[in-house]
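A.B. asks: generate coordinates for the sequence data below:
(one chain, ligands or ions: 1)
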Amino acid sequence: NTSIVLASRPKGMPTAEQFRFVTAEAPTAQAGQVLLKTLYVSVDPYMRGRMNEGKSYVPPFAVGEALNGGVVAEVVESQHEQYPVGTAVVGHLEWREYNVSDGRGLQAIPTDAAPLSYFLGLLGMPGLTAYFGLLDICRPQPGETVVVSGAAGAVGTVVGQLAKLHGARVVGTAGSDEKVVYLKEQLGFDEAINYKTAPDIKRAIAAACPSGVDCYFDNVGGPISDAVYGLLNKHARIALCGQISSYNATETPVGPRPEVKLLQSSALMKGFIVSDYAARNPEGIQALLTWYKEGKLQFEETVVDGFEQIPNAFLGLFRGENTGKQLVRVAEY
Ligand code: NDP
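C.D. replies: This next block holds a predicted model:
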């Protein structure tokens, strides 16, 4: 039973050295427990924060201990009446080929509603983040302009499509020409900008938003946000979802400060963590599933195969290697 432990804390961009593979004997399920075979492992940008020491909204990973996160797994031994053998579950589990669980925090998932992996994506944390952040904080209205940064990722692809479903004009930023084409041609974004090659990001965003910006769903921060702040319309709403451009920073980034722009436009800027909305998860999953089944929402995944690929898939998030949700497939259901 191989697991991946945090070998050391990174400074700046993590490397493969921060991860150590450890092999131990396979566990078995005791009374009240299930043995779970890992099928899909989610790698997520927030895990970078957990590699640092110090308190955030989730406790840090411990050096020498297995990392953990969202996993879809299959019950392969059961001494727990709620989870018979063959049940597919999603939960917060360790990066191990097999986990033992007493059922706490596990959620059984249907095997026929959507691909099982979607419970780590569209119907899981990223989809819910898009749903609540956009619809509760940004509240896009028909004809308004919505800008989403990190538009081609797991959260961003859902945000853009939901904003279109609500009648908005949608502009996204992403890190490659392929992603720009995908956003416009596959997902129906009105405009998309490659922030890595745009000669002047401020001008590029301004040109894509001739009527200004009513909603900004921010996954990235940094210069893209600085460009958007100058374009805010009266009563603009900003959902602060992520700041991936600074997760590997070794010094606190100092940018143009947005306060005057927020003040002048009577704008709302609100940070949020998806778990703030945990009580409403069933509503979010139901709504996303319905739109998916009606063909109104698509969901892209970048899947690599093999447990040993987990660290590299995680590091790839910071190199923009994924379109949609980055997953590692460890075994088939
Ligand atoms: P993504 O699928 O969007 O993957 C990360 C993407 O970020 C990469 O594909 C890359 O795309 C982009 N990126 C990486 N480094 C940089 C950089 N320096 N500058 C700009 N873009 C960069 O991840 P998620 O959809 O899972 O998460 C998106 C954001 O939402 C993250 O900031 C995450 O922390 C946050 N989040 C917040 C939650 C909350 O509860 N508030 C919950 C879930 C996610 P590209 O090619 O475009 O550079």
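
A.B. asks: please count neighbours and contacts with C-alpha atoms only from this point.
C.D. replies: OK.

A.B. asks: near the ligand, which residues of this protein are found?
C.D. replies: 44-46, 126, 129, 150, 153-156, 174-176, 219-220, 241-245, 272-274, 317-322, 324-325 (C-alpha under 6 Å from any ligand atom).

A.B. asks: and those residues, which of them are buried?
C.D. replies: Among these, those classed as buried by 16 or more other C-alpha atoms under 10 Å are 44-45, 126, 129, 150, 153-156, 174-176, 219-220, 241-245, 272, 274, 317-318, 321-322, 324-325.

A.B. asks: among the residues you listed, which lie within helices?
C.D. replies: Secondary structure from DSSP state H places 126, 129, 154-156, 317 of these in helices.

A.B. asks: give the contact list for the residue most central in space within the chain.
C.D. replies: Centroid-nearest residue in the chain, with C-alpha atoms, centre = their mean: P126, separated by 4.2 Å. Applying C-alpha atoms under 8 Å, 6 or more residues apart in numbering, we find P126 in contact with 120, 154-155.

A.B. asks: re the thing from before, what's the closest of the ones in helices among the buried ones among the residues of the chain next to the ligand to L93?
C.D. replies: P126 (17.1 Å; C-alpha to C-alpha).

A.B. asks: separation between the closest one and V304?
C.D. replies: 18 Å (C-alpha to C-alpha, to the nearest Å).

A.B. asks: number of residues surrounding the residue nearest to Y292 when sequence neighbours are not counted?
C.D. replies: Distances taken as C-alpha to C-alpha, 6 or more residues apart in numbering put Q298 closest to Y292, at 6.5 Å, once the chain neighbours are dropped. Q298: 15 surrounding residues under other C-alpha atoms under 10 Å.

A.B. asks: would you map out the domains in the protein?
C.D. replies: Per the record, the chain has its domains at 2-120+300-329, 125-275, by automatic domain parsing.

A.B. asks: endpoints of the first one, how far apart?
C.D. replies: Using C-alpha to C-alpha, the end-to-end distance of domain 2-120+300-329 comes out at 15 Å.
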